[in-house]
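1. need a 3D model of the sequence below.
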Amino acid sequence: MEENDVVRSLAALAQPVRLRVFRALVVAGPEGLTPGALTEALGVPATGLSFHLKELMNSGLVSQERQGRNLIYRAAFDRMNALLGYLTENCCQGEPCAATATTDGAAACDC
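-> Residues are numbered from 1 along each chain as shown. As a prediction, the model looks like this:
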């Protein structure tokens, strides 16, 4: 992943509503969600949601597909994994990381 792509992806996620939308799409998995389902689940007005989805699509973190009359939005898991790989590729000086769980359940590098 190129540095400019990483910056674009991180910038897209550096906004609370977009982060919530992206996380909801990750949870939804490959089935994705319609804008209506996202609006209902997150309590975001449809007009604002459209703007945030556009920004996430421009970053490459979200894809859109038309199914009949519906638009389905999905997290781009390949792009998400590439971003995570870029951020962690030099962890532990290139050696396998001994990740441990933190008190909040997140993984932390044990370098």
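
2. sketch out the low-pLDDT regions of this protein for me.
-> 94-111 (pLDDT under 70).

3. show me where it has its strands.
-> According to DSSP state E, the chain carries its strands in the segments 62-67, 70-75, 100-101, 107-108.

4. packing partners for the second one?
-> For strand 70-75, the helices and strands in contact under the criterion 3 or more C-beta pairs under 8 Å, 6 or more residues apart in numbering; DSSP states H and E are helix 16-28, helix 35-42, strand 62-67. Any C-beta I mention is one placed from the backbone N, CA and C, and that applies to glycine too.

5. tell me which of these sits nearest to Cys91.
-> Taking C-beta to C-beta as the measure, these were each checked against Cys91, and helix 16-28 came out nearest at 21.4 Å.

6. can you list the buried residues in the closest one?
-> Buried residues in helix 16-28, counted by 16 or more other C-beta atoms under 10 Å: 18, 20-22, 24-25, 28.

7. so which of the strands of the chain is the most surrounded?
-> strand 70-75 (a mean of 18; mean count of other C-beta atoms under 10 Å).

8. relative to strand 62-67, how tilted is that one?
-> 150 degrees (axes from the mean of the first three to the mean of the last three C-alpha atoms, to 10 degrees).

9. hmm, who's touching strand 70-75?
-> Applying C-beta atoms under 8 Å, 6 or more residues apart in numbering, the set of residues contacting strand 70-75 from outside is 22, 25-26, 28, 30-35, 38, 53, 61-66.
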